[in-house]
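Student: this is a predicted model, with the sequence first.
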Amino acid sequence: MLCVHFIPFVLFFRLAGASLVVPGVNYWWHGIPANISREAFNTLLGQDQWTFRIAHYAPWLFNWWMTQKWFPSLSMMAGNMAVFCDPDLEILKELSKKPSVGQEKIRQQGMYESLFRDIVIAYGNWEFGPLDLTNPLPENEGSVHIWQGYDDKIIPRMFTEAAAVLGVGVLLWAFQAIRPPPPKICGSKGGPKVTSPRIKLSDGRHLAYEVRGVPKENAKYKVIVVHGFDSSKHIYLPLSQELIDELGIFIVTYDRAGYGDSDPNPKRSVKSEAYDVEELADQMQLEKCFHRNQNSSSCFQTIVRRLAGAALIVPAINFWWPSFPSELCESEYKKQPKKDQWKLRIAHYVPGLLYWWMTLKWFPSCSIMARDPIIFNKRDFEILKKMLQVPNPNEHKIRQQGEFESLFKDLMVGFGSWEFDPMELENPFPHNEGAVQLWQGREDKLVPVELQRFVAKKLPWIKYHEVPDGGHLIVHDNGLCESIFKALLLKQKPTVM
């Protein structure tokens, strides 16, 4: 197994192709993120952790460690069944029925020269970094494959997932040459024309916006609407003119960084999204405003002083928020379509490879971008049918600056490592001067309802509304959209669900 790693490096001229079948992975290879390596290492049995530490840091003690009787050493050599998953045990059962010819010859020259040296070499200091290897078959005259068991307990799963998408060993060459194209910035040479009013932010970027409703000077309520994934300031909001006039609502929608006519933000993060909202409110002279967000809960951490209330409609959930129980997260994560599971893994562990993954033609990468019907429930389809009857001449502008700066960066920010834990947020309205509401469809196939319920329980100051037959598109339902605005502005109990 070990020599397979060396073959492409020293004998590349002899290869017609290669398959690496559950290859050993060294936890000390440079290039693998330390947090992933540490997390994977900690899933090993304690005796195996010590075995690999000694092989790496003190190989001269390895023979003593493997032959001493006081402490258990390597679980696999000791026949510990805990290192095998159920499919492995079934295979072992079948193998035990067949005669094993020559088994005694494996270690006949001594365990040190066979097994122990294998471990010392594999987990020692390598003379090269496998993640730095170049393609041994640059003219596509052959290919290299990695095969890995999803439930392998010897090579921890999260480590091999990260290793696979990092391109452990010979696969790294495929990623090095792939970089996202530069954005087509609005107003620049060769870029789209600027067709919307824009404000200039403190960092020099421009933010495009649109206003709706009654004139600002006559408004009783001022609302900033933040659009979600693959949308824009032209978001469809089925509010009747009668309701807008009756309540005196002034609405500001805007293109988030990289969407529509707004400049991309090369330093885009969870907090930068919130700061953009704050600067927009400042320049639009909105002293106290309501916030309707379909993206995330980032604003509470940074712009509390500006909020009069907030409604989060099916906000994105990050499976890696630290307060989530691992069992609950894993259960809900596995309910996601396989292609979306891979997309989320890459966005979280190796965001630098997301552009490559999302533009692959070999595998489906994202169900929401493909408008896959599996992500919608019955009510969603009814809403979509109504939305298709409303002209949307600006839809082509959503991604006009490039999918990387809009959609892919959304995934990288939303599912990356956050600077804070949303479930440790404090109530922004401790004296009940406002309220935060969370709306979730019970049948939402994109945002797991079980995780949203957990968030609501952890933050009891959030008013949680669950729509029994609702999917992901509840904000675009005529009756529900008006109920959301009434609950937010008038603090009314929802009458339409």
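Tutor: Everything's here; your move. Since the structure is predicted, the reported quantities are computational estimates derived from the model, not experimental observations.
Student: where exactly do the helices run in the stretch 351-497 of the chain?
Tutor: 354-358, 378-387, 403, 409-414, 449-458, 478-490 (DSSP state H, counting those that start in this stretch).
Student: likewise for the stretch 151-300 of the chain?
Tutor: 157-166, 173-176, 241-247, 270-283, 299-302.
Student: weakest of those helices by average pLDDT?
Tutor: With a mean of 46, helix 173-176 has the lowest mean pLDDT of those.
Student: where does the stretch 1-150 of the chain have low pLDDT?
Tutor: Filtered on pLDDT under 70, the stretch 1-150 of the chain yields the residue ranges 1-16, 73, 78-80, 83, 100-102, 137, 140-141.
Student: just the endpoints, please. Distance across stretch 257-277?
Tutor: 11 Å (C-alpha to C-alpha, to the nearest Å).
Student: gap between it and the chain center?
Tutor: 18 Å (C-alpha atoms, centre = their mean, to the nearest Å).
Student: what sits against residue 251?
Tutor: Neighbour list for residue 251: 211, 212, 213, 223, 224, 225, 237, 244 [criterion: C-beta atoms under 8 Å, 6 or more residues apart in numbering]. Heads up, the C-betas are built off the backbone N, CA and C, glycines and all.
Student: got a pLDDT number for it?
Tutor: pLDDT, residue 251: 96.
Student: from now on call the first residue 18
Tutor: With the count now opening at 18, the last piece we talked about shows up as residue 268.
Student: what's the nearest residue to residue 282 if we skip its chain neighbours?
Tutor: residue 274 (3.8 Å; C-beta to C-beta, 6 or more residues apart in numbering).
Student: verify the stated contact: that neighbour with residue 284.
Tutor: No. Between residue 274 and residue 284 no contact is recorded; they are 9.5 Å apart, counting by C-beta atoms under 8 Å.
Student: which of those two has more neighbours?
Tutor: residue 274 (25 against 9; other C-beta atoms under 10 Å).
Student: distance check, the more buried one against residue 144.
Tutor: 44 Å (C-beta to C-beta, to the nearest Å).
Student: over to residue 271?
Tutor: For residue 271, the distance to residue 144 equals 54 Å [C-beta to C-beta].
Student: comparing the two, which residue is more hemmed in?
Tutor: Neighbours were counted for residue 271 and for residue 144 using other C-beta under 10 Å; residue 271 has more, 27 against 7.
Student: may I see the buried residues of stretch 101-121?
Tutor: Neighbour-count burial for stretch 101-121 flags 101, 105 (criterion: 16 or more other C-beta atoms under 10 Å).
Student: mind saving the C-alpha coords of it as PDB?
Tutor: Taking Å, rounded to 0.1, in the frame of the first residue of the first chain, the C-alpha atoms of stretch 101-121 are listed here in PDB:
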ATOM      1  CA  PHE A 101     -13.800  -2.700  11.500                       C
ATOM      2  CA  CYS A 102     -17.200  -1.500  10.300                       C
ATOM      3  CA  ASP A 103     -20.100  -3.800   9.700                       C
ATOM      4  CA  PRO A 104     -19.300  -4.400   5.900                       C
ATOM      5  CA  ASP A 105     -15.700  -5.200   7.000                       C
ATOM      6  CA  LEU A 106     -16.900  -7.800   9.500                       C
ATOM      7  CA  GLU A 107     -19.100  -9.400   6.800                       C
ATOM      8  CA  ILE A 108     -16.000  -9.600   4.400                       C
ATOM      9  CA  LEU A 109     -13.900 -11.100   7.200                       C
ATOM     10  CA  LYS A 110     -16.600 -13.700   7.900                       C
ATOM     11  CA  GLU A 111     -16.500 -14.700   4.200                       C
ATOM     12  CA  LEU A 112     -12.700 -14.700   4.100                       C
ATOM     13  CA  SER A 113     -12.500 -17.000   7.200                       C
ATOM     14  CA  LYS A 114     -14.400 -19.700   5.200                       C
ATOM     15  CA  LYS A 115     -11.600 -19.900   2.600                       C
ATOM     16  CA  PRO A 116      -8.200 -21.600   3.200                       C
ATOM     17  CA  SER A 117      -5.300 -19.100   3.700                       C
ATOM     18  CA  VAL A 118      -2.300 -20.500   1.900                       C
ATOM     19  CA  GLY A 119       1.000 -18.900   2.800                       C
ATOM     20  CA  GLN A 120      -0.300 -16.700   5.500                       C
ATOM     21  CA  GLU A 121       2.500 -17.700   7.800                       C
END
